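Chemist: I would like to see how this sequence folds:
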Amino acid sequence: MTSLLGNPIASPVAAINGTRRGPRADGPATVLAIGTANPPNCVKQEDYADYYFRVTKSEHLVNLKAKLRRICEKSAIKKRYFHHTEELLDSHPEFTDRRFPSLDARQDIVATAVPELTAAAAAEAIAEWGRPATEITHLVVSTYSGAHMPGTDFHLASLLGLRPTVRRTMLYMNGCSSASAALRVAKDIAENNRGARVLVACAELTLILFRAPHEAQADTLIMQALFGDGAGAVVVGADPVSVEQPDFEMVSASQAMIPESKDMAKGRLREDGLLFLPSREMPSLVRENIERCVVNALSPLDISGGWNDLFWAVHPGGRAILDSVEAGLGLDPRKLEASRHVLREYGNMSGPSVIFVLDELRRQQEENGMGVMVGIGPGISVETMVLRATGSQKKI
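Modeler: Here you go, the predicted model:
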């Protein structure tokens, strides 16, 4: 084959075949760095009932306020962080009045706020990683807080100064298992592309689901009592080089759907924002099925039983969810301390929460050993990742 100038050029077939046989990594994907971020507005859980009914101008609903106070007292949450402030809510009365559509205004706010909060967590992770942001080859981003084209992935790449050629993947509406799903995708990318460095980023803002109380929908109080705002980021890569200090090896990843659970954690995007309704039966369904999900994920590795010999990074979806996992697996209460710490200090931040738990686990200086990360999301979907702690001595 010759070019228009008469010079011979190589057949593209060989090049194409070579690309298809591109080298895989030698070792497993690893967690190379972690970053987290929260908005500055902090509300103590003991004050939340008064705050919520004041900002929604609903103090006349005394019975619902008393119910929310009881929920907050039993939540095992100390405080939560929010992007929205009283001033923002005052300037958008449609956010607290169900008679008016508010999705457009919510979308306009999160279009900027989500990428900015995500960038704060990602910048922290990249700084800890110790290599330039331009060496990130892939970007995986997940959120249910808004949906735009181009998406959060595009804006995040620009905010961080990533290369224009960074390969981006955007995940939407994965709920509380979103970061776990994104890490599963990142593991596959890192292990199938030698030298790849994948930035995983996940952020959620409760503004998308904030709404005033209503006597006909008292269950929405649970949503308002548990969820907070946050962002988490992880740099993932295989075959670490000298400057990189991995915290965890990502040994295997799997996903399972609990049968007959499609109505247990449903979300619908409506004119007045995202309506999420977790079923009261969800904790019992998790308790009855969690061991089967874990056994199916770990049995190919010849790991079975002895759950207290492992460390655990479980999504802190609420006190009842953590109690259900603990009971279903027969865990020593200390095994879920990292998850309970994150729930206590931040509430349920949906997807980013499990990244906060991984960060807390390494701060506890766990010894080398095997562990399991569990994400629990709508469906009910259970994401399970087997990890090996490396005992990294990096200063955090």
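
Chemist: In the protein, what residue spans correspond to strands?
Modeler: Along the chain, the segments classed as strands by DSSP state E run 29-37, 41-44, 79-82, 138-143, 167-172, 197-204, 230-238, 248-257, 265-270, 273-278, 311-314, 369-377, 381-389.

Chemist: which one of the ones you listed lies closest to Val185?
Modeler: Val185 sits nearest to strand 138-143 of all the strands of the chain, at 5.3 Å, using Cβ to Cβ. Every residue, glycine included, has its C-beta placed from N, CA and C.

Chemist: and the angle from that closest one to strand 197-204?
Modeler: When axes from the mean of the first three to the mean of the last three Cα atoms, to 10 degrees is applied, the directions of strand 138-143 and strand 197-204 differ by 10 degrees.

Chemist: what angle do strand 138-143 and strand 167-172 make?
Modeler: Using the same axes, to 10 degrees: strand 138-143 against strand 167-172 is 10 degrees.

Chemist: any idea of the mean pLDDT in strand 138-143?
Modeler: Here strand 138-143 scores 97 as its mean pLDDT.

Chemist: how close does Leu358 get to Ala216?
Modeler: 40 Å (Cβ to Cβ, to the nearest Å).

Chemist: Could you do Arg184 as well?
Modeler: Relative to Ala216, Arg184 is positioned 39 Å away (Cβ to Cβ).

Chemist: Mind listing what's buried along stretch 56-70?
Modeler: Counting neighbours by 16 or more other Cβ atoms under 10 Å, one finds that the buried residues in stretch 56-70 are 56, 58, 61, 64-65, 67-69.

Chemist: Of those, which is the nearest to Phe210?
Modeler: Thr56 (8.8 Å).

Chemist: Now do the closest one against Arg211, distance only.
Modeler: Distance from Thr56 to Arg211, by Cβ to Cβ: 8 Å.

Chemist: which neighbours do these two share?
Modeler: Thr96 (Cβ atoms under 8 Å, 6 or more residues apart in numbering).

Chemist: higher neighbour count, Arg184 and Ala216?
Modeler: When neighbours are counted by other Cβ atoms under 10 Å, Arg184 and Ala216 differ, and Arg184 comes out ahead with 23 against 5.

Chemist: How confident is the prediction for the more buried one, by pLDDT?
Modeler: 97.

Chemist: In space, what's closest to it - neighbours in sequence excluded?
Modeler: In space, and not counting its chain neighbours, Arg184 is closest to Ala253: 4.2 Å by Cβ to Cβ, 6 or more residues apart in numbering.

Chemist: where in the stretch 1-150 of the chain is pLDDT low?
Modeler: Applying pLDDT under 70 to the stretch 1-150 of the chain picks out residues 1-22.

Chemist: what about Thr220, how many neighbours?
Modeler: 18.

Chemist: Then Asp272?
Modeler: 21.

Chemist: Same check on the one 3 residues further on?
Modeler: As a burial measure, the neighbour count of Leu275 was computed by other Cβ under 10 Å and equals 15.

Chemist: quick one: pLDDT of it?
Modeler: For Leu275, pLDDT reads 77.

Chemist: For the stretch 51-200 of the chain, which segments count as helices?
Modeler: Under the criterion DSSP state H, counting those that start in this stretch, the stretch 51-200 of the chain contains helices at 62-74, 86-91, 103-129, 152-160, 178-192.

Chemist: Now render those helices as TSV, adding distance to Asn289.
Modeler: Formatted as TSV, these follow (distance: least, Cβ to Cβ, whole Å):
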stretch	distance to Asn289
helix 62-74	24
helix 86-91	39
helix 103-129	31
helix 152-160	32
helix 178-192	16
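
Chemist: Out of these, the one nearest Val235 is which?
Modeler: Here helix 103-129 is closest among these (Cβ to Cβ), at 4.6 Å.

Chemist: Which other helices and strands does that closest one contact?
Modeler: Applying 3 or more Cβ pairs under 8 Å, 6 or more residues apart in numbering; DSSP states H and E, we find helix 103-129 packed against strand 29-37, strand 138-143, helix 152-160, strand 197-204, strand 230-238.

Chemist: what's the shortest one packed up against?
Modeler: If I follow you right, that is strand 138-143. Strand 138-143 sits against helix 103-129, helix 152-160, strand 167-172, helix 178-192, strand 197-204, with contacts defined as 3+ Cβ pairs under 8 Å, 6+ apart.

Chemist: wait, Lys266 sits on Leu274?
Modeler: No - the pair Lys266 / Leu274 is not scored as a contact, 10.9 Å apart, by Cβ atoms under 8 Å.

Chemist: Between these two, point out the one with more neighbours.
Modeler: A side-by-side neighbour count of Lys266 and Leu274, using other Cβ under 10 Å, places Leu274 first with 21 against 14.

Chemist: next one: phi and psi at the closest residue to that one other than its chain neighbours?
Modeler: Leaving out its chain neighbours, the residue that sits closest to Leu274 by Cβ to Cβ, 6+ apart is Leu209, at 4.4 Å. Torsion angles at Leu209 (phi, psi; degrees, to the nearest 10) stand at phi -120, psi 10.

Chemist: cool, the one 4 residues further on as well?
Modeler: Torsion angles at Pro213 (phi, psi; degrees, to the nearest 10) stand at phi -70, psi 160.

Chemist: What is the burial count for it?
Modeler: 19.

Chemist: Distance check, it against Cys293.
Modeler: In terms of Cβ to Cβ, Pro213 sits 35 Å off from Cys293.

Chemist: To what extent is Asp90 buried, counted in neighbours?
Modeler: By the measure other Cβ under 10 Å, the count of residues near Asp90 is 12.
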